[in-house]
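>>> predicted model and sequence below, questions to follow.
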There are 4 protein chains.
Amino acid sequence: MAMMKAAVFVEPGRIEIEDKPIPDVGPNEALIRITTTTICGTDVHILKGEYPVAPGLTIGHEPVGVIEKLGRNVQGYQEGQRVIAGAICPSFSSYACQDGCSAQDGGSHSHGYKPMGGWRFGNTIDGAQAEYLLVPDAQANLSPVPENLSDEQVLMCPDIMSTGFAGAESANIRIGDIVAVFAQGPIGLCATAGARLRGASLIIAVDGVDERLTMAKQMGADITLDFRKDDVVAEIMKLTGGRGVDASIEALGLQQTFESALRVLKPGGTLSSLGVYSGNLTIPLDAFCAGLGDHKIITSLCPGGKERMRRLMDIIASGRLDLGAMVTHRFKLEQIKEAYELFSHQRDGVLKVAIET
Amino acid sequence: MAMMKAAVFVEPGRIEIEDKPIPDVGPNEALIRITTTTICGTDVHILKGEYPVAPGLTIGHEPVGVIEKLGRNVQGYQEGQRVIAGAICPSFSSYACQDGCSAQDGGSHSHGYKPMGGWRFGNTIDGAQAEYLLVPDAQANLSPVPENLSDEQVLMCPDIMSTGFAGAESANIRIGDIVAVFAQGPIGLCATAGARLRGASLIIAVDGVDERLTMAKQMGADITLDFRKDDVVAEIMKLTGGRGVDASIEALGLQQTFESALRVLKPGGTLSSLGVYSGNLTIPLDAFCAGLGDHKIITSLCPGGKERMRRLMDIIASGRLDLGAMVTHRFKLEQIKEAYELFSHQRDGVLKVAIET
Amino acid sequence: MAMMKAAVFVEPGRIEIEDKPIPDVGPNEALIRITTTTICGTDVHILKGEYPVAPGLTIGHEPVGVIEKLGRNVQGYQEGQRVIAGAICPSFSSYACQDGCSAQDGGSHSHGYKPMGGWRFGNTIDGAQAEYLLVPDAQANLSPVPENLSDEQVLMCPDIMSTGFAGAESANIRIGDIVAVFAQGPIGLCATAGARLRGASLIIAVDGVDERLTMAKQMGADITLDFRKDDVVAEIMKLTGGRGVDASIEALGLQQTFESALRVLKPGGTLSSLGVYSGNLTIPLDAFCAGLGDHKIITSLCPGGKERMRRLMDIIASGRLDLGAMVTHRFKLEQIKEAYELFSHQRDGVLKVAIET
Amino acid sequence: MAMMKAAVFVEPGRIEIEDKPIPDVGPNEALIRITTTTICGTDVHILKGEYPVAPGLTIGHEPVGVIEKLGRNVQGYQEGQRVIAGAICPSFSSYACQDGCSAQDGGSHSHGYKPMGGWRFGNTIDGAQAEYLLVPDAQANLSPVPENLSDEQVLMCPDIMSTGFAGAESANIRIGDIVAVFAQGPIGLCATAGARLRGASLIIAVDGVDERLTMAKQMGADITLDFRKDDVVAEIMKLTGGRGVDASIEALGLQQTFESALRVLKPGGTLSSLGVYSGNLTIPLDAFCAGLGDHKIITSLCPGGKERMRRLMDIIASGRLDLGAMVTHRFKLEQIKEAYELFSHQRDGVLKVAIET
């Protein structure tokens, strides 16, 4: 039995490189040899035991690689082809998927909708921080990488870019909208870039880390606010002449950012929420206009599927945006514990790491 | 100076019939002789001092009447014509109105958006519980009543029906959706009727008052749940096979109804909120899937304007719905204190009262 | 090799009952024993050679039946279970499907979109006018029939009801809209019912056959116009006070109905086109306001998939609508040539025939 | 009586500078002293007698100027303030406006919708090619120019930019869409810019004039095709791998561009039509998939109103786009006949002229 290296969740606080058998390939599946992957904030929650997964599971949900073997029913691809697959890897055959909620795919045979049911890699099945990855429902999820793009250029597509852009899309940003984006980590930066791509005329990006505020400008922010120095809510209301923003995007997952995003929202505006919260949220009565402000609060989970991946890679291929700039550090798969160490402590101005195999 | 009777807010706890001058009519205004009006839950909040208005203000925002005098610039109407005007009476010339938020009209000359800026009758200007009502921006707000409809048949259009239907519309109910409506007061009943009109295949109405549950069936509910007896959340999850509802409508304004509406929502579903809340709201982490459930929470204020009123009256004229059934009690304007007494204590199975002048 | 009876296209003008082998079942497929099916207008085009299919193909795309055998990968169903499948039977794994165009599924492995690519039964693979039907991508397409519904009650779901409702949905009918539906054959009748379900306040149905005008009223039309007697365009403009309709639905496929549907449309309105045209169409300059009327012309192909079927059956199960009334004649599979004879000549007031096996 | 110079339609073939009284200002109006205006293709149609207007009417619908006098009811502006107003200058108080069709405003007192009813300047009332312009419904239509923008930078906002962007907006372009724009005159160029602003990943611009193809690249086109050399339809199908485009925008008004725009459209795609057609259009059966292609054909008239103008000017103020580059020639009002001469014959590579007063 051929073996491979994989980063496995052992117990809270411990992810280790272990040997695992290279999986067999069923008729609707494909085996990918991973060339580059990355670590996500969610993986850090898994490492810390804050988000529970089964011990022994391979972690990671952002695969860039090469098709090693195709299942019998998977057509239109060749072995050796470079591909990515979305972090959310839905069946596309369920009721939920057909109802427009592929990220909430409750599994292919259930009538139900399961929250995050569409997220499988490194959650309910083995993930991408390994030498090989088995992709289920491969016909729906393998997306070929355009030739002129490097691994690092498309590394953000499976999760960060898809999620951040969804924040701008769910906010239904129109030409000439004013948008505030709260937090400029990788997802917030992509939300900023997405708001720019959708035609916002003024994008205000908020963070408290210098490098991130600088990067925010590069991603399309017109104005940056530093919450260490600025009264962010007051400043945004001033910048908008008291009107408030058309859309605010929350990209962190804290009460404070959520609340500020609501406070700067014009009546009739949309709060697009991307953060993963760790506690109950409070909606202040006044910021919510007692329920009479024609507000929308919309949460978005990362959209997946090969069509989504194709669109995102096309944006990069056309030169609209270069997210390769977000990769600040590089590691080999064997060094992944160092990478977790660096990334989880946000050291050295890290934005995203690339893990090469 | 000609005088009229008007129900005036004097101080918390006191609304009195007083004599006021019949107002002069400016070029863009119209004077309406009120024939029928009603009392809204919001008026009770005003009476109790919970929602502050200026002492001396005439209360009421649901006018049915006859045009007494038209301003010089108001065209296409005749004096003597029967009309209604929406509770929300926007200018339709502001930035907010042109941006699709007429209910949040910040006033005609401001760049800003003011929460509830579009609500003027009995809030920022004299209201409809009087013999005469001055309608601002009359060209945009007067809507002729079809001949075959009685005052009581159209009495719900200005507020209750427009608001309740907005609950169903904001939820973007599609043919075959499953919908739960929490609370079956007048607005919840209209939300139930609206969900039925939009093509829901299963409507579950929740309340704790027998008459309201009965009326809910009449308005289109398929199933009613009584929160005094049923574990509502558990029951709805059972009725939907564990899937949850496509849309839930909150029509009361309490943490409990808001929270239940969220708990029964499928991932990807919409919570359409109509209630006027009186305190901060809590979003429970689990019900919110930590922000990863592709949920939408949308609040709607009553849409106004003559086109909205026309559409609502057409629904009634075509026999799709008879909201006259909601009028359970009738009073003369002079008896309005009795009417407030009855309505504010929800006595005698009162749903809505008609005030005739 | 087990054999079955099937209605096969032999050559233009000839459909015959032939013996064919009962097909083998692949891992993603299911074999259905057909209990009831029907004949569609498109089948008549096939019979006449106007729509080309391969000689030897089994015709028919409206299956009601019982699961005889499930492929290995198809989960959540039981053999013996009653099911339907949509006329359009997409893979749901292609780029087109993930892009919101499942009816235009270009096949699971192609990047392309093929017009009508999602329509397979009786078009590119063997169809439903047979004792057995092989359903591809069964996980995405089998939809269980609620117990209390008869075969005939759900017989319209796979095509007629899904198409007709799509006409109302694509028109984005809002509460209080005025809608005109041109032609009241089976699809037009379903469009009328769909417009009613979406909240139109006035539905004007046009045809020239008495039985159909009568049935139109039963399906929800408020007013019927008989093109043999009425100047339809003039009459509709009169009924709308010169305003025109918010939406017009074309349900026949002729220049005349298309043109009338455009002529009665208000500026800003939507022409929702369902007909299968047999020649070039002309858009008259005046009716099109020279391109300046903010008009929308939208064509819809029948949506498919199990979620769509579930929704449609739920509408029937909830008693919103009974389409069983459309079945005017019944035949055994062996008598299908008689059924074609009757249906293709529209004799005896036929609306739809049921073919029982 | 104070007099002014105005460019007046005298008879087909003749527009002359004449003396007219400076108009009085009613309570809802404003008088603008024009500083810069321009000539539109529609004005050339008027000059030629192809689009009929009343003899004696002042032409022009693209005003940039300074408030000379405000009507009594117009609030929030100051005399001396720089403003623009949209070419389409709706009342915003009519049924049509409240129904979302402000460009089709049927007039403030009519129930009806009149095609182009919202277009008044130089059509039904005196226009902008004059020293002074009277703006009706000024509260809804005056939009202040940001200080740092020149007249020429905002000169395209009232018509060209609003129309071209509407082409991209009506097509509902999504991030990653492929878009083809047919014709790169001023409106087509703005449609190209609009498609870029909405997030298209590939924009293919088609024209037959070198300067326009060059300008198309400047406005955001990725690829330009020259219909004099290229088989445009074949080339676009090749560029999209046989898939067709997500959206095509027609910006000329000819059968050929309309038809090509349809032929390159993927099933499920949208043809967004901006051209003013001068004859009936033919929809070829094959390009229309016989009505089964899930196609949308959407026409858009230039959106107006002060909020629209504000958004467009904000796009320019934020540096997203500089449309000043489109002004190729400048004239004084007295020289306007020369300007018409040049512009109507498309001489000297003219794109747009500026008329200064």
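Nice, thanks for sending it over. Numbering: from 1, shown residues only, chains lettered A, B, ... in the order given.
>>> close to chain C: what parts of chain A are there?
Residues of chain A lying close to chain C (C-beta under 8 Å from any C-beta of the partner chain) are A:27-28, A:73, A:75-77, A:91-93, A:95, A:97-99, A:102, A:108-111, A:137, A:139-140, A:305-308, A:310. Heads up, the C-betas are built off the backbone N, CA and C, glycines and all.
>>> out of those residues, which are buried?
Neighbour counting with 16 or more other C-beta atoms under 10 Å in any protein chain shown marks A:28, A:73, A:77, A:91-93, A:95, A:97-99, A:102, A:108, A:110-111, A:137, A:139-140, A:305-308, A:310 as buried within these.
>>> of those residues, list those near chain D.
By C-beta under 8 Å from any C-beta, the members of those lying near chain D are A:R310.
>>> next step: the buried ones among the residues of chain A next to chain C restricted to helices.
Using DSSP state H, the members of these that fall within helices are A:Y95, A:C97, A:Q98, A:Q139, A:A140, A:K306, A:E307, A:R308, A:R310.
>>> residue contacts, the fifth one?
Applying C-beta atoms under 8 Å, 6 or more residues apart in numbering or on different chains to A:A140 gives the contacts A:P90, A:S91, A:F92, A:G305, A:K306, C:F92, C:S93, C:Q98.
>>> ok, the third one touching C:Y95?
No - the pair A:F92 / C:Y95 is not scored as a contact, 11.1 Å apart, by C-beta atoms under 8 Å.
>>> show the pLDDT at A:G107.
As predicted, A:G107 sits at a pLDDT of 67.
>>> now swap in A:V276 and tell me
With respect to pLDDT, A:V276 has a value of 94.
>>> same question, the one 4 residues further on
Looking at A:N280, its pLDDT is 97.
>>> tell me, how many residues neighbour it?
A:N280: 13 surrounding residues under other C-beta atoms under 10 Å in any protein chain shown.
>>> for it, give its distance to B:A287.
In this view, A:N280 and B:A287 are 9 Å apart by C-beta to C-beta, to the nearest Å.
>>> how is A:Y340 classified with respect to secondary structure?
helix (DSSP: H, G, I helix; E, B strand; the rest coil).
>>> right, and it touches A:I39 too?
Yes - if you go by C-beta under 8 Å, A:Y340 and A:I39 touch, sitting 6.3 Å apart.
>>> near chain B, which residues of the stretch 251-357 of chain A? Just list them.
Residues of the stretch 251-357 of chain A found near chain B (C-beta under 8 Å from any C-beta) are A:253, A:266-268, A:273-285, A:288-301.
>>> tell me which of those residues fall in helices.
Per DSSP H, the subset of those in helices is empty.
>>> buried subset of these?
Among those, those that count as buried by neighbour count (16+ other C-beta under 10 Å) are A:253, A:266-268, A:273-277, A:281, A:283, A:288-301.
>>> okay if I get the contacts of A:A140 as TSV plus pLDDT?
Putting the contacts of A:A140 into TSV (pLDDT from 0 to 100) gives the following:
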residue	pLDDT
A:P90	95
A:S91	94
A:F92	94
A:G305	97
A:K306	97
C:F92	94
C:S93	94
C:Q98	94
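>>> quick check, the residue in the stretch 251-357 of chain A closest to chain D?
A:R311 (2.7 Å; C-beta to the nearest C-beta).
>>> okay, that residue and A:A168: tell me how far apart.
Here A:R311 is placed at a distance of 13 Å from A:A168 (C-beta to C-beta).
>>> any shared contact partners between the two?
D:I175.
>>> more neighbours: which of those two?
Set side by side, A:R311 and A:A168 give different neighbour counts by other C-beta under 10 Å, the larger being at A:A168 (31 against 26).
>>> quick check, that one in contact with A:I203.
No - A:A168 is beyond contact range of A:I203, at 9.6 Å (criterion: C-beta under 8 Å).
>>> shaky segments in chain A?
Counting by pLDDT under 70, chain A contains low-confidence residues at A:107-112.
>>> how does it divide into domains?
A:3-160+A:302-356, A:164-299 (automatic domain parsing).
>>> so which of these is the most surrounded?
Of the domains of chain A, the one with the most neighbours on average (mean count of other C-beta atoms under 10 Å in any protein chain shown) is domain A:164-299, at a mean of 23.
>>> thinking again about what came up before, between A:A168 and A:I203, which contacts overlap?
Counting by C-beta under 8 Å, 6+ apart, the residues touching both A:A168 and A:I203 are A:V179, A:A195.
>>> and the residue in the stretch 201-350 of chain A that chain C sits nearest to, what does it touch?
Per C-beta to the nearest C-beta, A:E307 is where the stretch 201-350 of chain A lies closest to chain C, at 3.7 Å. The neighbours of A:E307, taking C-beta under 8 Å, 6+ apart as the test, are A:S143, C:Y95, C:Q98, C:D99.
>>> nearest to D:G241, of the residues you listed?
Nearest to D:G241 among those, counting by C-beta to C-beta, is C:Y95 at 10.4 Å.
>>> circling back to that earlier point, with adjacent residues omitted, what lies nearest to the residue of the stretch 251-357 of chain A closest to chain D?
What sits nearest to A:R311 in space, not counting adjacent residues and going by C-beta to C-beta, 6 or more residues apart in numbering or on different chains, is D:G176, at 2.7 Å.
>>> which stretches of the stretch 51-200 of chain A form strands?
In the stretch 51-200 of chain A, the segments counted as strands under DSSP state E, counting those that start in this stretch are A:64-70, A:82-84, A:132-135, A:143-144, A:178-182.
>>> adding distance to chain B, write the ones you listed out as CSV.
Shown next, in CSV, are the strands of the stretch 51-200 of chain A (distance: least, C-beta to the nearest C-beta, whole Å):
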stretch, distance to chain B
strand A:64-70, 24
strand A:82-84, 21
strand A:132-135, 22
strand A:143-144, 21
strand A:178-182, 11
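>>> compare those and give me the one nearest D:V245.
Distance to D:V245, taken as C-beta to C-beta, is lowest for strand A:143-144 among the strands of the stretch 51-200 of chain A, at 19.8 Å.
>>> pull up the pairing partners for the closest one, direction included.
Strand A:143-144 has the following strand partners under DSSP bridges: strand A:82-84 (antiparallel).
>>> contacts for the strand it pairs with?
The contact list for strand A:82-84 (C-beta under 8 Å, 6+ apart) reads A:32, A:35, A:63-67, A:77, A:142-145, A:154, A:157-158, A:309, A:313.
>>> and whichever residue of the stretch 51-200 of chain A sits closest to chain D, what does it touch?
Proximity of the stretch 51-200 of chain A to chain D (C-beta to the nearest C-beta) peaks at A:G176, 2.7 Å away. Listed by C-beta under 8 Å, 6+ apart, the contact set of A:G176 reads A:G199, A:A200, A:S201, D:R310, D:R311, D:L312, D:D314, D:I315.
>>> contacts only, for the closest residue to A:S318 other than its chain neighbours.
Among residues not flanking A:S318 along the chain, D:S201 sits closest, at 4.8 Å (C-beta to C-beta, 6+ apart). Residues near D:S201 by C-beta under 8 Å, 6+ apart: A:R311, A:D314, A:I315, A:A317, A:S318, A:R320, D:I175, D:G176, D:D177, D:I178.
>>> repeat for A:V350
By C-beta under 8 Å, 6+ apart, A:V350 lies in contact with A:T328, A:H329, A:L342, A:F343.
>>> and which of those is nearest D:D348?
A:T328 (52.7 Å).
>>> what's that closest one in contact with, if anything?
A:D348, A:G349, A:V350, A:L351, A:K352, A:V353.
>>> just the ones of those in helices?
Reading helices off the contacts of A:T328, I find no matches (DSSP H).
>>> mind listing which of those are in strands?
In strands, judged by DSSP state E, the following of the contacts of A:T328 are found: A:K352, A:V353.
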